[in-house]
Structure formats: C-alpha cells, structure tokens
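got a predicted model here, sequence first, then my questions.
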Amino acid sequence: MTASIAFVGAGPTTLYTLKAFVEQAACPARITIFEQQARAGLGTPYRPGWNDPAMLSNIASVEIPPLCETLLAWLNRQSRKRLIGLGIDPREVDDRAFYPRVALGRYFLDQFDMLVDEARAKGFIVDIRTGRCVLDMSVQDNGVQLEIEGEGRDTADNRFDFVVMATGHQWPEEPEARPGYFLSPWPASALKRIKAVNVGIRGSSLTAIDAVVALATAHGSFVDGPDGRVEYRIGAGSEGLRLTMMSRKGLLPEADFYHPIPYEPLTFCTEAAIERLIDAQASDLLEMAYQLFKKELAYADPAYADHVGLEHLALEDFAERFFADRADADPFEWAAANLQEAQANFDKEFTVPWRYAILRMHEVLALIIPHLDEEALDAFGRHLKPAFVDEYASVPHLSIQRLLALHSAGHLDVLALGSAYRLETHGAEPGVNVVIDGERRHYDVFIDATGQRALEADDFPFSTLLKQGIVVDAQDAEEGSTKGISVNETFHPASPDPRARRLYCLSLPFILGRHPFVQGITSSHDIGSIVGQDLACMIAAPMQADAA
C-alpha cells in the first residue's frame, strides 16, 4: 500500500525535508502538508506582517542551500519591479549580499510550489491543507492519528503512517503581555503601535536589531547621506524616541566578515578527531575537545593565540578573554572600527584567520554535546558557546550602519546589565523597571528580544504523545537539566516504545537543549537531509508489527 506522510508545519525545514525525501524515495507516497497560516512554504521568520520590510536576514545568498534553484538564480529571474517591491536594489544583487526577510519568504514560497510540482510529476499525491491547526496527535497500532481543529477526532483522512513535526519557532500572536511589556518583537506589526517614548530592548543580536529597526522606521527613516553613510532622520512629533539595547556585557554584534564558502577543511579539530574522542568515552570529553580547539586556533592564527594567551587559557576563561577587548571599548566606536575593517576585508577578499577557524569549529564541537553530562554541558554553554554564536551570528553591514546612524542621531544607546540585574514587570505604571546594582531605570516600553529559547516539555503542543510515553521529557531521559524533549540522531523521539519511529520531531524550541546551533536555514537543510533520507528508508521496507 502507498505510505502516507503528514508534515505539520510548512516552513523551510519542511521544504528541505520534502526535497530530500522526494529525491530519495524509491516509490511515491501520499503527502499531506498542514499549515496553520493561509499560505504554505513561508515559515514564521519570513512572513510579511510578522516581519517589518526593513528587517534583514543574517545569511548571505551564497550560504543558503538551494532547493529547486539557488536564491541568486531566483533573484536574477525576477523583474526589476518585483525586486524593488521586496526592498532589493536590482543593482546590488550578489551572492554575498543580505536580503530582507520578506524577500526570502517569497523565495521559499516559489520553491515550495516548484517542489510540489516536482513531487506530483514523480507520482506523489500531495495534499496541501492551509488554515488548519493540528491540536493534538496520538500514536496507534495502525498509524498516527491527528486531531484537527473543527474536525472529528477519529477522521480516517487524518491518520498517517508517519508524521514530521516541524512547527518551528513559537511566539505569542499578541506579544504585549502587559501594558508596555512585550515578550518578543514579533509580529513586527505590533511594534508599530509603540509611541516615541523611552524603550528598552533586551538583547543585542539580530533579533534585537530587528526590534530597533522596526521602531526606527515607524518613527523616521534611514537615508543615504552626502558622504555615502547611512543617516537617520526622525519624523515630526517623534523626537522623544529613545532606544536602549541591553545585554549582560553591553556589546554589539560584529559585522559579517569575508570567508571562503564552502568551508575549507580543518586540520586538527576535525569531525574524525572529535568522533575518536567520543568513541573513547572519556570522562573529560569537553576538556579534550577544548585542547583540539586550541590547537586548531593556534595553528590558524598564531598572532591571535599570542594576543589572548591561548596556550595557558583555561576553558573557564576562554569566553571572558574572547570578549575582553570589545568589552573595554565604547560599543559604538568598536562597531564603527569593526565595520570599516570588515568592509575593507571584503574589498580585498581577506579572511581573518582566527574568526574563520572558530566559525568552522562550531559545528564540529557540537558533535560532543549529546555526550556531555550536565556539568560539562553547562560549562560548554557558558565558556565556548558564546564565542561560537558571536562568529556565526555576525550581522549584515547595513544593520551595523543603521545602529551607528541611530546612535549618531541621538536615539540609540547600549547598556551593560551585568549578571545581577533584575526586571520589575508588574509596576503600577506601564512598562518595566530595570534594576542594576540597586539603581532603578524605568522604560515606558520594554521588549524582550533575546530570540527563541528552549521550551519545557510541558509546553509541547501535542500532549497526548507525552501521556503515551512516545515523546519523552529530556530530563526524564537522563539528559540532566536540559529543557525540551529527547530525540535520537535521526530526530525520532528517543522513546523505548517502537512506535516512536512513526514520528520525527524537528520543532526547534524543543530540541534546542542538546542541539544549541540548530537555528537558521543551514540547520533546516542539515536536519531536513537527515530526516528525508531516513523517511525514504522507512517507507522502502514493510513496517514491522509495532507490538514486536
């Protein structure tokens, strides 16, 4: 019989999974795609309305794994009018350029339609069910039963052999939890109602920059100045706009830097070397991996190694030393100098060796994470992960230019919170008080823009799977204090129940604990490739009795 497969969610992860599955499946299957929104193929990070047109993605065109075509090929066949409508200057289409999030959304929409056409041409039956909310699901002996809002609980059409859960980011539809207190900067349309007041934004990554840019464009505009620099002009009546980005260190992200793509191979800290450490089951796995990390970094850039004292730098001190030079400087002066250096390096096609080494090693070091005990996992998160995130989360040059323009115009500052700050969110007046070393600062509006966080298993949207023991809380699976649910290497729920093989969980907030680098389009591609191949293998062989 023809295998039936349901995809719950229709963002980029589903697209890359669908591509891999259709390419590798030995025989056609019946595919049903459920999407709560009116259009399938967009994904939350790229939806119009959810994102302001000025919000930029932080992945260059050349880094986006192609679906039916590359992003650059897609851009080159768009009309001038359409590109301008998407906020893209047709003269600046380039494989190293960064584009608005909504433009990537249009690319993914078109690729989704092409993928569906390709699947149908190969004999797959594809049913796209938009505007449908999957409320719950349960695993039964003859498949997985989905409960769809407004439909019967046991509808035969909603029973499938396999289900891929790719529900993506989870943000509240209404971010303003209390007057003046926003839990996220999305949907961006909600930020448009914020008046020109004193606004605090917690976070300093591109998520926080998104919030800053959305507010800035609501009350003014960015323009090209006579010297070619980006300038900010406040709108009439909005002169009172004051934005403060805040984080523990009070640092701004660094500008995207030039480096070869695809990645050049590493010399010492390779996947093979890390796999040997894992196979040895050493109790000091993290420390041994750190020694490989240091060896690679010193080899790549001896001058940088000497500058930071890498030879004698303990794991516990690495992140602090990594950020020390930046922490000692004014954040905007550092950002301006870093931007100038990054732009010059792009012009010369010069790669900063130490930055490129750390960038390449983050995916290799991630291999040890599932094998770390709770204490080592915490140490990895505090002492290595911040440096890795700083390198792969560098931001478009235009984003830095906009921050500098806002600061120069007197509308943006940066605040270091330290580690002992607290928020008072239930005051009598709207907004939030931020208390640092006993000093209370009031913000009329406060936006938490720290990005997607790992969620508890209790927040998992399909509660029956938890009750059945098909989906297991990561903490119950002896993964320490890790939030979310436990999955194996092919993203099946890590449950002793054999029926768990009918499910794949790719829902980002619930796998972040042991997969801290899975955010982004390249991760969607990597996960989709694994699951698509595994799914093709699963339908190739007859299902064994689940009760076996």
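Great, that's in hand.

roughly how far out does the helix or strand bottoming out on mean pLDDT in the chain sit from the chain middle?
Within the chain, no helix or strand scores below helix 188-191, which has a mean of 91 by mean pLDDT, DSSP states H and E. Per Cα atoms, centre = their mean, to the nearest Å, the displacement of helix 188-191 from the mean C-alpha position of its chain is 20 Å.

for it, buried residues please.
The neighbour-count check on helix 188-191 (16 or more other Cβ atoms under 10 Å) flags 188, 190-191 as buried. In this view, the C-beta of every residue, glycine as well, is placed from N, C-alpha and C.

cool, and stretch 84-100?
86, 88, 93, 97-100.

ok, now which ones touch residue 263?
Neighbour list for residue 263: 359-360 [criterion: Cβ atoms under 8 Å, 6 or more residues apart in numbering].

returning to what we had before: name the nearest of the buried residues of helix 188-191 relative to residue 541.
The nearest member of these to residue 541, counting by Cβ to Cβ, is residue 188 at 46.4 Å.

and the gap between the closest one and residue 86?
16 Å (Cβ to Cβ, to the nearest Å).

now residue 123
From residue 123 to residue 86 the distance is 35 Å (Cβ to Cβ).

what is the subsequent helix or strand relative to the helix or strand encompassing residue 231?
Using DSSP states H and E, residue 231 maps to strand 230-234. Next helix or strand after strand 230-234 toward the C-terminus (DSSP H and E): strand 242-247.

just checking, what packs against that next one?
strand 198-202, helix 206-219, strand 412-416 (3 or more Cβ pairs under 8 Å, 6 or more residues apart in numbering; DSSP states H and E).

can I get it as CSV, trimmed to CA atoms?
Extracted C-alpha coordinates of strand 242-247, given in CSV (Å, rounded to 0.1, in the frame of the first residue of the first chain):
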residue,chain,number,x,y,z
ARG,A,242,14.9,56.8,22.9
LEU,A,243,16.0,53.3,22.3
THR,A,244,18.3,51.3,24.7
MET,A,245,19.7,47.9,23.7
MET,A,246,20.8,46.0,26.8
SER,A,247,22.7,42.8,27.4
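
any idea of the angle it forms with helix 206-219?
180 degrees (axes from the mean of the first three to the mean of the last three Cα atoms, to 10 degrees).

so which bits of the following helix or strand past strand 242-247 are buried?
With elements assigned by DSSP H and E, the helix or strand that comes after strand 242-247 is helix 271-279. Buried residues in helix 271-279, counted by 16+ other Cβ under 10 Å: 273-274, 277.

and stretch 423-439, by the same measure?
Applying 16+ other Cβ under 10 Å to stretch 423-439 flags 423, 430-434 as buried.

ends of stretch 215-227, how far apart?
By Cα to Cα, to the nearest Å, the extent of stretch 215-227 from end to end equals 25 Å.

could you give the mean pLDDT of it?
Stretch 215-227 shows a mean pLDDT of 94.

ok, stretch 417-435 next?
Here the average pLDDT along stretch 417-435 is 93.

could you shift the numbering so residue one becomes 37, and keep it that way?
Yes, from this point I'll number from 37; that puts the last item at stretch 453-471.

for it, give me every contacting residue.
By Cβ under 8 Å, 6+ apart, stretch 453-471 touches 214-217, 236, 238, 282-284, 286, 451, 472-473, 476-482.

same deal with stretch 561-569?
48-60, 101, 200, 525-527, 540, 542, 554.

out of the residues you listed, which sit inside strands?
Among these, DSSP state E puts 200, 540 in strands.

just the buried residues from the contacts of stretch 561-569, in PyMOL please.
The following PyMOL line selects those of these that are buried, judged by 16+ other Cβ under 10 Å:
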select buried, resi 48+49+50+51+52+53+54+55+56+57+58+101+200+527+540+542+554
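
quick one: low-confidence parts of the chain?
Residue ranges of the chain with pLDDT under 70: 514-517, 578-584.

other SSEs contacting the strand holding residue 267?
Counting contacts by 3+ Cβ pairs under 8 Å, 6+ apart, strand 266-270 packs against strand 256-260, helix 433-444.

residues in contact with the first one?
Outside of strand 256-260, the residues within contact range by Cβ under 8 Å, 6+ apart are 90, 252, 266-271, 274, 277, 438, 441, 447.

could you redo the last one with a cut-off of 10 Å?
With Cβ atoms under 10 Å, 6 or more residues apart in numbering as the contact definition, strand 256-260 has outside contacts at 90, 232, 249, 252, 265-272, 274-275, 277, 434, 437-438, 441-442, 445, 447.

distance from the helix or strand harbouring residue 182 to the middle of the chain?
Residue 182 is located in strand 179-184, with elements delineated by DSSP H and E. Strand 179-184 sits 28 Å away from the centroid of its parent chain (Cα atoms, centre = their mean).

what packs against the least confident helix or strand of the chain?
helix 242-255, strand 481-484 (3 or more Cβ pairs under 10 Å, 6 or more residues apart in numbering; DSSP states H and E).

can you state the direction angle for the first one and strand 266-270?
Per the same axes, to 10 degrees, the angle that helix 242-255 makes with strand 266-270 is 50 degrees.

out of the buried residues of helix 307-315, who's nearest residue 195?
residue 310 (41.7 Å).

distance check, that closest one against residue 327.
Taking Cβ to Cβ, one finds residue 310 at 12 Å from residue 327.

measure stretch 460-480 end to end?
12 Å.
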